[in-house]
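**Student:** Below is the sequence, then the predicted model.
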Amino acid sequence: MEKQKPKIGIFKYSCCAGCQFQLIYFQKQILETFNAVDITYCKMLQSGGVEEGPFDIALIEGAITEDWQATQLEKVRGVSRFLIPIGSCAVCGGIPAIKNTAQELDIEKRVYENTSLIHSVRTHPVDDYVKVDGYIKGCPMGERDLTELVISLLLDRRPNFLEYCVCVECKLKGNICVLVAHDEPCMGPVTSAGCGALCPSHNRACYSCWGPMKDANARALADEFERRHLSREEIFRKFTEFGQPTDEFKPGQLKL
Amino acid sequence: MSHKEHIKEDIEVDYLARAEGETAIRVELKDEPAIELKIFEPPRFFEGFMVGRKYDEVGDIVSRICGICPVSHMTTAILAIEKAMDIKVSEQTKILRNIMSISQNVASHLVHLYMLAMPDYYGYAGVLQMLPAFKTEMERLVRLKEVMNQLTGLIGGRALHPVTSMPGGYTTVPGKTLFDSMLTKLKEIRDEARRVVKDIASLKVPDFHSDSEYVALYDNEEYAINGGRIVSTAGLDISVDDYKNSFQESQVNYAMAKQSVIKGRGPFMVGALARLHIKFDKLQDETKRLAEDVEFRLPNNNPFYNNLAQALEVFDGVQRCVQLIESHSFKNEKRNVEINAGEGGAVTEAPRGLLYHWYRINRKGIVEEANIVTPTSHNFLNIEKDLKKLVKENMNEKRDDIKLLCEELVRAYDPCFSCSVH
């Protein structure tokens, strides 16, 4: 009898849906790797589906900003062997977490006249609510780590995710350092690798869209920025564009 | 026979599948059907948290409004900021922005046509289920989309949330050999792109008609995408600077997205079908012939034809990218940006229609106020208007059939709920 294909559920919370589109962007995987799995729940891809699970892997896209999302997330955790946040919003709060830098109601009032209809909370990454089994980082999420995850599941082995900063990729590419040579405020030293040092390779500073690297020394980089005459406000913005709620970036968010 | 003999339960679609983002549809089945497109996509408050951010971060931030049209948000925001700060850009920058926008729009149309809309017409749950029986079509989708994404990525660094696009121009521009190999690929897919029109023309479209005011950008020189005047089939013809005087957005109590109207008039439609009504004359001759071949004629007040209109734009877009790349030689340029206080808005043609961004920037280059109105907010009331008419005309059909028709209609508009709420 044919071995049953692993079941994958994909859930979307507060985000741009870009990570689900990234699944579609990985053209070859649609026709090859993804034929080896069963996507049993993915609202954007197919109608119906089994929301209740069970899932071998639950992929969670988006940050948590409303109550119902946290409730559903806990249910999904209960019926999933592995639960993996995909993309910066789910991993580290991402862009939606910029709002955490101001009072919630002040932010809401700028957008809606009647805020009594709004039920938003502060922006949280997925692991603030449930145990997770790894992270697929990136904005949008990276192809390499996702493929690694699916292959690992199929081979029943531990996935080997990237665990170093953008600088490593820059050095491997032989890029000239945009921070040292061009005085660009580059977030590469504290940002998770996986993009292939995309921004420095395109003549601009990394803006940290893959979120904080594990054990990043944010304070040291913030000090370096200060030595290079960036204002406190500018440094604050650098460390709050992606990863406002994270412990890793807190030391970089200097007091204004 | 009166439909009163067919008393049915109301229709609730609690989470519309195969659409970007999250919405429910509620239809009260009575003489005058009550319709609510309940967009429950959670708000992320972009206009709220953008206050205090710097002008050169805005493009990177707003691209995250949408995973399927990031180039549109990024480009529109940058155009608005350039207007506000009085930044001039080169002719080359304008052309590169056009190529990026067209390639993104074509890729977005392809995803919508084959992956979101088509399964309805053949009775499948989704594209994965369609794969075995529609291998040729799916390979066509993958091939075309791959090349269009590569083109966006060539200029932008990556197709999704590009990195090279900034106020004042591009941080880097690819070399000639890269553009040349892209040209070869684009020429190879032209025949495939032609077949997209045939694929979509062969779908059986519901016989449904609903008059709408169609609104799009119009330019005398080209099939307008990142500039031009705002023109409608009911006589609107205004400069982008007058957007705020003619359009009005308001909050409703059942949806997180706001609804937009033309002041003093009401709902209107934007998107591919609207664009063809406004600027069919600016399409390539070959696209016009293709439209003739599949008997697509204007005016066409059937919103389901938005799909075929998108298919025609797929072919037209591929052709235009070839021409734009062939007729220019691209080189790296210096960006000249001076920080000036000011305010300004811009309108572009996102895949789903008119997209508006507006910013007020202070003398330090910091955003003080932001306003964004998306295609799906523009279409919101028109979708509800059409749903109401559709339900009314099909009241005697089976409840499940009405429900599917409603879903198909909403999907034909190619709505984007992440965008609509943002």
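**Tutor:** Received the coordinates, thanks.

**Student:** now the stretch 301-422 of chain B, which segments are flagged as low pLDDT?
**Tutor:** Within the stretch 301-422 of chain B, no stretch has pLDDT under 70.

**Student:** give me the element the residue of it found nearest chain A is part of.
**Tutor:** Nearest residue of the stretch 301-422 of chain B to chain A: B:S418, at 5.2 Å (C-beta to the nearest C-beta). Any C-beta I mention is one placed from the backbone N, CA and C, and that applies to glycine too. Under the criterion of DSSP states H and E, B:S418 resides in helix B:417-421.

**Student:** Restricting to C-alpha, output that helix in PDB.
**Tutor:** Output in PDB follows, covering the C-alpha atoms of helix B:417-421 (Å, rounded to 0.1, in the frame of the first residue of the first chain):
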ATOM      1  CA  PHE B 417      -8.900  41.900   1.000                       C
ATOM      2  CA  SER B 418      -5.400  42.300   2.500                       C
ATOM      3  CA  CYS B 419      -5.100  45.400   0.400                       C
ATOM      4  CA  SER B 420      -8.600  46.600   1.000                       C
ATOM      5  CA  VAL B 421      -8.100  46.700   4.800                       C
END
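
**Student:** where does the residue nearest the centre of chain A land on pLDDT?
**Tutor:** Centroid-nearest residue in chain A: A:S88, 1.6 Å away (criterion: C-alpha atoms, centre = their mean). You'll see A:S88 listed with a pLDDT of 98.

**Student:** Over to the one 10 residues further on?
**Tutor:** With respect to pLDDT, A:I98 has a value of 98.

**Student:** What of B:G21?
**Tutor:** 88.

**Student:** Was I right to think it contacts B:D414?
**Tutor:** No - taking contacts as C-beta atoms under 8 Å, B:G21 lies outside contact range of B:D414: 11.7 Å.

**Student:** Now for the residue nearest to the residue of the stretch 301-422 of chain B closest to chain A when sequence neighbours are not counted, how many residues are close by?
**Tutor:** Leaving aside its sequence neighbours, B:S418 sits nearest to B:G21 (C-beta to C-beta, 6 or more residues apart in numbering or on different chains; 4.0 Å). Here the count is done by other C-beta atoms under 10 Å in any protein chain shown, and B:G21 has 29 residues near it.

**Student:** same for the helix holding B:S418, what does it pack against?
**Tutor:** The contact analysis (3 or more C-beta pairs under 8 Å, 6 or more residues apart in numbering or on different chains; DSSP states H and E) places helix B:417-421 against strand B:34-39, helix B:375-393.

**Student:** quick one: that helix to chain centroid distance?
**Tutor:** In this view, helix B:417-421 has its centroid 12 Å away from the chain centroid, taken as C-alpha atoms, centre = their mean, to the nearest Å.

**Student:** Listing request: residues of chain A with sub-threshold pLDDT.
**Tutor:** Those would be A:1-3, A:26-34, A:255-256, if you go by pLDDT under 70 across chain A.

**Student:** make it 80
**Tutor:** A:1-3, A:24-35, A:254-256 (pLDDT under 80).

**Student:** Domains in it, by residue range?
**Tutor:** A:7-155, A:166-252 (automatic domain parsing).

**Student:** Could you look up the SS state of B:W358?
**Tutor:** What DSSP: H, G, I helix; E, B strand; the rest coil gives for B:W358 is strand.

**Student:** Number of residues surrounding the residue nearest to it when sequence neighbours are not counted?
**Tutor:** The spatially closest residue to B:W358, leaving aside those adjacent along the chain, is B:G345, at 3.7 Å (C-beta to C-beta, 6+ apart). Residues contacting B:G345 under the criterion other C-beta under 10 Å number 21.

**Student:** mind listing what A:E66 touches?
**Tutor:** Contacts for A:E66 were tallied using C-beta atoms under 8 Å, 6 or more residues apart in numbering or on different chains; they are A:Y13, A:S14, A:H119, A:S120, A:V121, B:P42.

**Student:** ok, the third one to B:A234 distance?
**Tutor:** Between A:H119 and B:A234 the distance is 38 Å, computed by C-beta to C-beta, to the nearest Å.

**Student:** Helices of the stretch 101-250 of chain A, start to end?
**Tutor:** With DSSP state H, counting those that start in this stretch, the ranges of helices along the stretch 101-250 of chain A come out as A:104-111, A:143-155, A:166-173, A:198-201, A:218-227, A:232-238.

**Student:** now for the helix or strand where B:K403 lies, which elements pack on it?
**Tutor:** Here B:K403, judged by DSSP H and E, is contained in helix B:399-412. In terms of contacts (3+ C-beta pairs under 8 Å, 6+ apart), helix B:399-412 is packed against strand B:11-13, strand B:23-28, helix B:118-122, helix B:375-393.

**Student:** List the buried residues for that helix?
**Tutor:** Neighbour-count burial for helix B:399-412 flags B:I402, B:K403, B:L404, B:L405, B:C406, B:E407, B:E408, B:L409, B:V410, B:R411, B:A412 (criterion: 16 or more other C-beta atoms under 10 Å in any protein chain shown).

**Student:** that older thread, most neighbours among the contacts of A:E66, which one?
**Tutor:** A:S14 (28 neighbours).

**Student:** Quick check: beta-bridge partners of that one?
**Tutor:** On the basis of DSSP bridges, A:S14 is bridged to A:A63.

**Student:** Leaving out sequence neighbours, find the closest residue to A:F82.
**Tutor:** Per C-beta to C-beta, 6+ apart, closest to A:F82 is A:D133, 4.3 Å.

**Student:** A:R77 is in contact with the one you found, correct?
**Tutor:** No - counting by C-beta under 8 Å, A:D133 sits too far from A:R77 to count as a contact (10.0 Å).

**Student:** Among those two, which residue is more densely surrounded?
**Tutor:** Each of A:D133 and A:R77 has its neighbours counted (other C-beta under 10 Å); A:R77 has more, 18 against 15.
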